[in-house]
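Colleague: got a sequence here, can you model it:
(chains A and B)
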Amino acid sequence: MSSIGTGYDLSASTFSPDGRVFQVEYAMKAVENSSTAIGIRCKDGVVFGVEKLVLSKLYEQGSNKRIFNVDRHVGMAVAGLLADARSLSEVAREEASNFRSNYGHNIPLKHLSERVAMYVHAYTLYSAVRPFGCSFILGSYDQDDGPQLYMVDPSGISYGYWGCAIGKAKQAAKTEIEKLQVRILLEPSLRQGKILLNCLICVCYCYQQMKDMTCRELVKEVAKIIYIVHDEVKDKSFELELSWVGEVTNGKHELVPKDVREEAEKYAKDSLEEEDDSDEDNM
Amino acid sequence: MDSQIKGVSTGTTILAVTFNGGVIIGSDSRASIGGNYVSSKTINKLIQVHDRIFCCIAGSLADAQAVTKAAKFQISFHSIQMESPPLVKAAASVLKELCYNNKEELQAGFITAGWDRKKGPQVYTVALGGMLLSQPFTIGGSGSTYIYGYADAKYKPDMSREECLQFATNALALAMGRDNVSGGVAHLVVITEEGVEHVVIPGDKLPKFHDE
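Modeller: Residues are numbered from 1 along each chain as shown, chains lettered A, B, ... in the order given. Reported below is the predicted structural model:
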């Protein structure tokens, strides 16, 4: 879908004859060049996973984080130009903080995502500035409203999601997330690699949806998806950043504890090995 | 004059009490100047700031009306943005921000009471300087000093609507009986999930106690 918008792509304040704003589209391409980030919403929380590519062995481990805390109960996972994303996380933090100062309670995620989306959109209107080159996923958990997940892209739209992916492998990741919708209850057999056989049987059985999973189960699935979409050939090493917010953390957004992360990574690596053995190729 | 000195509440008795399923907010209806002249016998001190949220005002009536007008606008806008009725806490916070940020110029205190889906019936006090406090019931204004004993002794949590109405009416009547700058009729508003009901009790229909 790439075309050169000669002459009409010099500034965000110009439409092309076929009704496109090329600068915004180019901004989205910047997001597609970045590594993948996913966010999935389950029964009692939201889990984020980011494939953070490590470009140099000299980097300190854990630096250049791509998951931010926007408020106590809100997390943000980003893809695209990291500097743009950091600046937007500050914007989001101020919005959340001002809301609490004015109205005395936590900002509802829908409202926060609309406010930040409005800010992002403002940068797509003028020639004096360029659009933000990042997309981000916002997630929160509240006792009454439950888990919420919203994604904002460089054009300034925000959508609510059950599961979403941004970055270079977003299509593959979305496929994997959709597969989570139909997941067999017979988990032990899955681990033994009898996927094909059980897939046939599962049609007759009831299925466990993503929506019924708890955060602890979902963390492992998210890790697995990141490992699946990671391209071993093009990008060598990566760090898996995992964070969650939900009942398991009492509504506080935080990075997943070390032991849970290690368990999730182990599950992901084991699943990958099994699937290498079986006939079915996920991608 | 009393009204020039900051920190002194002037000519009012106001209260708000939660009960099982709702909240009752009430006030007297006298506005006075200088403690001598009754400028209005039937003033409304119960301002509706949203469908299920009311505010009662104490202190300088001019300040209170200006603040509630601004608050009503902000709360209405907020509610439309949120696409849902505002939380009582949010409404009280809006009032608190106005009071705190303008504390040098203003001399008004409020009691905010209402019902929302998240926490049900609630009562918040916004004091003169901008303090915000949530309580099961609260009394305010100059007349309230005469009924602290009654309120503390007679309040029970989880009352029925009728018990609560009786409690609020008695409290207002006792305060209006002793405070010279409170009087007129008793205005009461009962707020529940279903709706809002005004009850007005004229002075001669108020409960009578000994010596009356």
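Colleague: which helix runs longest in chain B?
Modeller: Longest helix in chain B, counting residues (DSSP state H): helix B:61-82.
Colleague: also chain A?
Modeller: Chain A, longest helix under DSSP H: helix A:82-103.
Colleague: now do the longest helix of chain B: distance to the chain's middle.
Modeller: 16 Å (C-alpha atoms, centre = their mean, to the nearest Å).
Colleague: re earlier: with just CA atoms, put the longest helix of chain A into CSV.
Modeller: Taking Å, rounded to 0.1, in the frame of the first residue of the first chain, the C-alpha atoms of helix A:82-103 are listed here in CSV:
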residue,chain,number,x,y,z
LEU,A,82,10.7,6.3,21.5
ALA,A,83,11.3,9.9,22.2
ASP,A,84,7.9,10.9,20.8
ALA,A,85,6.4,8.2,23.0
ARG,A,86,8.1,9.5,26.1
SER,A,87,6.8,13.0,25.5
LEU,A,88,3.3,11.6,25.1
SER,A,89,3.6,9.6,28.3
GLU,A,90,4.3,12.9,30.1
VAL,A,91,1.2,14.4,28.4
ALA,A,92,-0.9,11.4,29.6
ARG,A,93,0.5,11.7,33.1
GLU,A,94,-0.4,15.3,33.3
GLU,A,95,-3.9,14.6,32.1
ALA,A,96,-4.4,11.9,34.6
SER,A,97,-3.0,14.0,37.4
ASN,A,98,-5.1,17.1,36.5
PHE,A,99,-8.2,15.0,36.4
ARG,A,100,-7.6,13.6,39.8
SER,A,101,-6.8,17.1,41.1
ASN,A,102,-10.1,18.5,39.7
TYR,A,103,-12.5,15.6,40.3
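Colleague: tell me the mean pLDDT for the helix or strand just after it?
Modeller: Moving toward the C-terminus from helix A:82-103, the next helix or strand (DSSP states H and E) is helix A:109-122. The average pLDDT within helix A:109-122 is 96.
Colleague: angle of helix A:109-122 against helix B:61-82?
Modeller: 80 degrees (axes from the mean of the first three to the mean of the last three C-alpha atoms, to 10 degrees).
Colleague: buried sites along helix A:109-122?
Modeller: Neighbour-count burial for helix A:109-122, counted by 16 or more other C-beta atoms under 10 Å in any protein chain shown, picks out A:109-117, A:119-121. Yep, even glycine has a C-beta here, placed from its N, CA and C like the rest.
Colleague: which of these sits closest to residue A:40?
Modeller: residue A:109 (15.0 Å; C-beta to C-beta).
Colleague: so that closest one sits right up against residue A:150, yeah?
Modeller: Yes: between residue A:109 and residue A:150 a contact is recorded at 5.9 Å, counting by C-beta atoms under 8 Å.
Colleague: geometric centre of the chain: which residue is closest?
Modeller: Just going to use chain A. residue A:38 (2.4 Å; C-alpha atoms, centre = their mean).
Colleague: wrong one, I was asking about chain B
Modeller: residue B:56 (3.1 Å).
Colleague: my guess is that residue meets residue B:110, correct?
Modeller: Yes: in this structure residue B:56 lies within contact range of residue B:110 using C-beta under 8 Å: 6.8 Å.
Colleague: which parts of chain B are helices?
Modeller: B:61-82, B:88-101, B:148-154, B:161-178.
Colleague: so where's chain B uncertain?
Modeller: B:1-10 (pLDDT under 70).
Colleague: give the full set of residues in contact with the residue in chain B that chain A sits nearest to.
Modeller: Nearest residue of chain B to chain A, counting by C-beta to the nearest C-beta: residue B:93, 3.3 Å away. Residues near residue B:93 by C-beta atoms under 8 Å, 6 or more residues apart in numbering or on different chains: A:102-105, B:132.
Colleague: if we can go back for a sec, would you double-check that the residue nearest to the centre of chain A falls in a strand?
Modeller: Yes: applying DSSP: H, G, I helix; E, B strand; the rest coil, one finds residue A:38 inside a strand.
Colleague: who's it bridged to?
Modeller: As for beta bridges, residue A:38 partners with residue A:49, residue A:165 under DSSP bridges.
Colleague: how much space separates it from chain B?
Modeller: From residue A:38 over to chain B the distance is 28 Å, taken as C-beta to the nearest C-beta, to the nearest Å.
Colleague: that residue contacts residue A:164, doesn't it?
Modeller: Yes: in this structure, residue A:38 is within contact of residue A:164 by C-beta under 8 Å, at 7.0 Å.
Colleague: ok, back up a step: any residues in contact with both of residue A:109 and residue A:150?
Modeller: Joint contacts of residue A:109 and residue A:150 (C-beta under 8 Å, 6+ apart) are A:138-139.
Colleague: was I right about residue B:167 contacting residue B:155?
Modeller: Yes: with contact defined as C-beta under 8 Å, residue B:167 counts as touching residue B:155 (6.8 Å).
Colleague: tell me which of these two has more neighbours.
Modeller: residue B:167 (22 against 16; other C-beta atoms under 10 Å in any protein chain shown).
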